[in-house]
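**Student:** Build me a model:
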Amino acid sequence: MKYISTRNCNSLKNFKDIIYKSISSDGGLYVPYKIPKLNFKRIRKYNFRSILRYILKKYTTNKEYKYLDFKKKCKASFKKKIFKISKIKNREIFHISEGESYSFKDVAIKFLSKIYNKNIACATSGDTGSSCNKFFKKKKNIFVISPFNRTSFFQRKQMFSNINNNFFNISILGNFDNCQDILKNLKKNKINTLNSVNWLRILIQSSYYIYYFLKRKKRKISIPTGNFGNAYSCFLSIVMGANYESFNIITNENNVLFNFFKNKIYDIKRLSFKTDSPSMDITKSSNLERYLYYLFKSTKAISKIYKKIKNKGVIKIKKSNFISSLFFYKNERFHCIKRLFYKKRIIIDPHTSNSFLDIKSDIIIETAKYFKFFSLFYNIFNIKKIKFLIYFFRKILFSREKFFLFNKKEKKKIRRFIFKNLN
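**Tutor:** Model (predicted):
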């Protein structure tokens, strides 16, 4: 299996090359030269661990698979029950947030912690940083770049409570897009990234959509998304043969992706604003580039598109889309959460509520646990519930904090800071 950049097809890369350099020097993202089809009859009875191994074999050579010791790493990463599926009337909630830091990011990042040992960087709107803190505590030189005061209080404490000298929480006076721009400018072989620009993370995430497709009969899926990584992972599973009947991506008021899929206009000039669902407060969705490459199947076209976006900030895409989209407002999410709690005694987080509000879907994706955003629930829960949550997570909530604060315009200063602390 060979890989190319979405913006340059002249240089073919091996799998081993692209997982240690997630972003190409031309600014593009790596994609396989050809996406393989899966043999669903063969893997019908596989568990998640076996499905992931099967998919990794499809995207690597035998030599790479053995060298990276994927069999052993899959076994070490996924010993316990990883997912949960619950029913509500004629719909199902696919809980992919059962991991140690209480978000879906744990599935991939736990596995990535077996691959990378040092010099790790990630941009985060909250959950990637929380997961990174959980699984990379003992690794060397970890840099987590987050927007200051744009995550939930719980997420902030999960990240900033790590006061070890090997862990650097870089907080930016800006938004997630600013953090991601800083990460993408670190085009050095020394740095490994945990974001969904990393192709290995996409493969791991696509595996649980294959897993669900094989184990359940529901076929109308709705995915809350911001950076389009989790959504693209589902799209990849469909391209590999998972025949979902409908595929909707859901956004919040920062509805740049909705505008793209509905009106075929991609506008990154719009500033994202703070909402109750921070992982969706994004305008520059990285993995949309991989989806565009699938539409155009031309690196020249993608290169032209992103040059226009860089110059103008907005572009109209004439190609037809395979994906439909919806977006919802804060008051809609609030009433959805409140109604579910009082009528069904089910509690969901604000991101998941966006998925729940898509009434045509029968598969709801739970991306994080509600208590990561419990400050939003003062008007829903009684005081006993709030006190219980504070007591249960008291070690996190009342912990010391350590972070380094920078202005979003200080890109060179941040870059120097990171490379100064690399080994």
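**Student:** looking at this protein, which helix or strand is least sure?
**Tutor:** The helix or strand of the chain with the poorest confidence is helix 383-392; it has a mean of 71 (mean pLDDT, DSSP states H and E).
**Student:** All the strands of the stretch 51-200 of the chain, in order from the start?
**Tutor:** All strands of the stretch 51-200 of the chain, identified by DSSP state E, counting those that start in this stretch, fall at 84-88, 91-95, 118-123, 140-147, 167-173, 192-193.
**Student:** Please name the strands paired to the fifth one in the sheet, noting orientation.
**Tutor:** Right, strand 167-173. strand 140-147 (parallel), strand 404-407 (parallel) (DSSP bridges).
**Student:** Pull out the buried residues from it.
**Tutor:** For strand 167-173, a neighbour-count test (16 or more other CB atoms under 10 Å) marks 167-172 as buried. Any C-beta I mention is one placed from the backbone N, CA and C, and that applies to glycine too.
**Student:** Among these, which one lies nearest to residue 149?
**Tutor:** Closest to residue 149 out of those is residue 171 (8.4 Å), distances taken as CB to CB.
**Student:** want to throw the buried residues of strand 167-173 into CSV with distance to residue 150 and pLDDT?
**Tutor:** Shown next, in CSV, are the buried residues of strand 167-173 (distance: CB to CB, whole Å; pLDDT from 0 to 100):
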residue, distance to residue 150, pLDDT
167, 20, 94
168, 18, 96
169, 14, 97
170, 13, 97
171, 9, 97
172, 9, 97
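**Student:** buried sites along stretch 269-280?
**Tutor:** 272, 275-280.
**Student:** Residue 129: which of the strands of the stretch 51-200 of the chain is closest?
**Tutor:** Closest among those, using CB to CB: strand 140-147, at 4.3 Å.
**Student:** the inter-axis angle of the closest one versus strand 118-123?
**Tutor:** Between strand 140-147 and strand 118-123, the angle comes out at 10 degrees (axes from the mean of the first three to the mean of the last three CA atoms, to 10 degrees).
**Student:** Now residue 264: closest residue in space that isn't a chain neighbour?
**Tutor:** residue 317 (4.8 Å; CB to CB, 6 or more residues apart in numbering).
**Student:** Run through the neighbouring helices and strands of the longest helix seen in the chain.
**Tutor:** In the chain, with assignment by DSSP state H, the single longest helix is helix 199-215. Here helix 199-215 touches helix 15-19, helix 40-43, helix 48-58, helix 105-112, helix 229-239, going by 3 or more CB pairs under 8 Å, 6 or more residues apart in numbering; DSSP states H and E.
**Student:** just how off-centre is it within its chain?
**Tutor:** Mean C-alpha position of helix 199-215 versus that of the full chain (CA atoms, centre = their mean, to the nearest Å) differs by 13 Å.
**Student:** Quick check: the residue lying closest to residue 372 once chain neighbours are set aside vs residue 128, distance?
**Tutor:** Leaving aside its sequence neighbours, residue 372 sits nearest to residue 154 (CB to CB, 6+ apart; 4.6 Å). Distance of residue 154 to residue 128, given as CB to CB, to the nearest Å: 15 Å.
**Student:** More neighbours: which of the two?
**Tutor:** Set residue 154 next to residue 128 and count neighbours by other CB atoms under 10 Å: residue 128 wins out with 30 against 22.
**Student:** Identify the residues contacting stretch 331-346?
**Tutor:** Identification of contacts with stretch 331-346 by CB atoms under 8 Å, 6 or more residues apart in numbering yields 86, 88, 252, 276-277, 347-348, 350, 353-354, 356-357, 370, 377, 379-381.
**Student:** Now do that stretch: distance to the chain's middle.
**Tutor:** Worked out by CA atoms, centre = their mean, stretch 331-346 lies 25 Å from the chain centre.
**Student:** quick one: average pLDDT of it?
**Tutor:** Across stretch 331-346, pLDDT averages out at 90.
**Student:** ok, now stretch 290-300?
**Tutor:** Stretch 290-300 carries an average pLDDT of 95.
**Student:** Check stretch 262-282 too.
**Tutor:** pLDDT averaged over stretch 262-282 gives 91.
**Student:** Compute the first-to-last residue distance for it.
**Tutor:** 17 Å (CA to CA, to the nearest Å).
**Student:** Can you give the distance from that stretch to the centre of its chain?
**Tutor:** With CA atoms, centre = their mean, you get 15 Å for stretch 262-282.
**Student:** do the same with stretch 408-423
**Tutor:** With CA atoms, centre = their mean, you get 24 Å for stretch 408-423.
**Student:** If we go by neighbour counts, what in it is buried?
**Tutor:** Result for stretch 408-423 [16+ other CB under 10 Å]: buried residues 408, 414, 418, 421.
**Student:** give the contact list for the residue nearest to residue 1 when sequence neighbours are not counted.
**Tutor:** Of all residues not flanking residue 1 in the chain, residue 59 sits nearest, at 5.3 Å (CB to CB, 6+ apart). Contact analysis of residue 59 by CB under 8 Å, 6+ apart lists 1, 15, 32, 36, 203.
**Student:** Quick check: the last one touching residue 54?
**Tutor:** No. Counting by CB atoms under 8 Å, residue 54 is not a contact partner of residue 203; they are 10.9 Å apart.
**Student:** what's the helix or strand for the closest residue in space to residue 376 that isn't next to it in sequence?
**Tutor:** Nearest non-adjacent residue to residue 376, counting by CB to CB, 6+ apart: residue 276, 5.4 Å away. Assigned by DSSP states H and E, residue 276 falls within no helix or strand.
**Student:** I'd guessed residue 276 sits against residue 349; true?
**Tutor:** No. Counting by CB under 8 Å, residue 276 stays clear of residue 349, with 9.3 Å between them.
**Student:** which residues are common contacts for the two?
**Tutor:** residue 373.
**Student:** For residue 267, see how far away the residue nearest to residue 280 when sequence neighbours are not counted is.
**Tutor:** Distances taken as CB to CB, 6+ apart place residue 226 nearest to residue 280, at 3.9 Å, with adjacent residues excluded. According to CB to CB, residue 226 and residue 267 sit 15 Å apart.
**Student:** who's more crowded, these two?
**Tutor:** Ranked by neighbour count (other CB under 10 Å), residue 226 and residue 267 place residue 226 first, with 26 against 16.
**Student:** Assign the more buried one to helix, strand or coil.
**Tutor:** What DSSP: H, G, I helix; E, B strand; the rest coil gives for residue 226 is coil.
**Student:** before we move on, back to that, tell me the one of the buried residues of stretch 408-423 nearest residue 24?
**Tutor:** So of the buried residues of stretch 408-423, ranked by how close each gets to residue 24 (CB to CB), first place is residue 418, at 19.6 Å.
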